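> got a structure for you, letters missing:
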């Protein structure tokens, strides 16, 4: 007769062995699943990183998923889309550059003529002086548009991230705008946390602010409206 206490110890040992085997099997399954999931998600994560790099301006990035035949068509379509995007951007940039350069010559002639009229403004009647003032404002606005168009073409023509961003506090950004070339007719002030940091390209922000101020002065009722 097999003793009951021996049978009990044997059952306990078998139970412990089964529990240990189950735990080892679970851990092994988790490890294998994690590795398999990582291999499956690797190309998807790669697509995300490539798309983010392109969105940030690095249009030289391309997808490489030759190891995964299932994603080959997606990669080819994605790369073709980026190539088409580059061609469109470069074509538009060349067009903008050509247009801006073509406009430079008549703009220079127009500015010279307006400057000559300004030197003889004392010989004009009141209505002629008002028209001359309006003409000067429009010529300056036209020059600003041509300059912005040329700058835009230069930015879009670059295949690398053309924007040279820098970290600035809001306080430092406001001070830089206050000291921008040409000056501002208003003094920017900062409310709240003056130490908050922003990542901007200062030159482009200055252009945006200058355009806003010019539009407010030209098309609105002034900056105090």
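That came in fine, so what should we check first? Model, not experiment: these values are computed from the prediction. Numbering: from 1, shown residues only.

> what's the longest helix in the chain?
helix 4-55 (DSSP state H).

> got the buried residues for stretch 128-140?
Within stretch 128-140, the residues that count as buried by 16 or more other CB atoms under 10 Å are 132, 136, 139. Quick note: C-beta positions are derived from backbone N, CA and C, even for glycine.

> which stretches in this structure count as helices?
4-55, 72-119, 126-157, 170-178, 202-219.

> where among these is the average confidence lowest?
Mean pLDDT is lowest for helix 202-219 out of those, coming in at a mean of 73.

> so which elements touch that helix?
Under the contact definition 3 or more CB pairs under 8 Å, 6 or more residues apart in numbering; DSSP states H and E, helix 202-219 sits against helix 126-157, helix 170-178.

> just to revisit the earlier point, what's the angle from the longest helix of the chain to helix 72-119?
30 degrees (axes from the mean of the first three to the mean of the last three CA atoms, to 10 degrees).

> quick one: list the elements packing against helix 4-55.
If you count contacts as 3+ CB pairs under 8 Å, 6+ apart, helix 4-55 packs onto helix 72-119.

> now the helix it packs on: how far from the chain's centre is it?
Using CA atoms, centre = their mean, to the nearest Å, the mean C-alpha position of helix 72-119 is found 19 Å from that of the whole chain.

> what's the angle from it to helix 126-157?
Interaxial angle of helix 72-119 relative to helix 126-157 (the same axes, to 10 degrees): 150 degrees.

> circling back: mind checking the helices of the chain for the one nearest to residue 193?
Checking these against residue 193 by CB to CB gives helix 170-178 as the closest, at 7.3 Å.

> so for that closest one, what gets flagged as buried?
Across helix 170-178, burial judged by 16+ other CB under 10 Å covers 170, 172, 173, 174, 177.

> and the gap between residue 90 and residue 83?
Per CB to CB, to the nearest Å, residue 90 is found 11 Å from residue 83.

> who has more neighbours out of those two?
Shown here are residue 90 and residue 83; by other CB atoms under 10 Å, residue 90 has more neighbours (15 against 12).

> distance-wise, check that one relative to residue 84.
11 Å.

> what of residue 206?
Applying CB to CB, the value for residue 206 to residue 84 is 33 Å.

> neighbour-wise, which of the two wins?
Ranked by neighbour count (other CB under 10 Å), residue 206 and residue 84 place residue 206 first, with 18 against 10.

> for that one, which non-adjacent residue is closest in space?
Distances taken as CB to CB, 6 or more residues apart in numbering put residue 180 closest to residue 206, at 4.7 Å, once the chain neighbours are dropped.

> burial count for that neighbour?
Residue 180: 17 neighbours (other CB under 10 Å).

> look up phi and psi at the residue nearest to residue 50 when sequence neighbours are not counted.
Among residues not flanking residue 50 along the chain, residue 61 sits closest, at 4.8 Å (CB to CB, 6+ apart). Residue 61 adopts backbone torsions of phi -70, psi 140, taken as degrees, to the nearest 10.

> distance of the residue nearest the centre of the chain from residue 50?
The residue lying closest to the centre of the chain (CA atoms, centre = their mean) is residue 56, at 5.4 Å. Remark: distance between residue 56 and residue 50 (CB to CB) = 11 Å.
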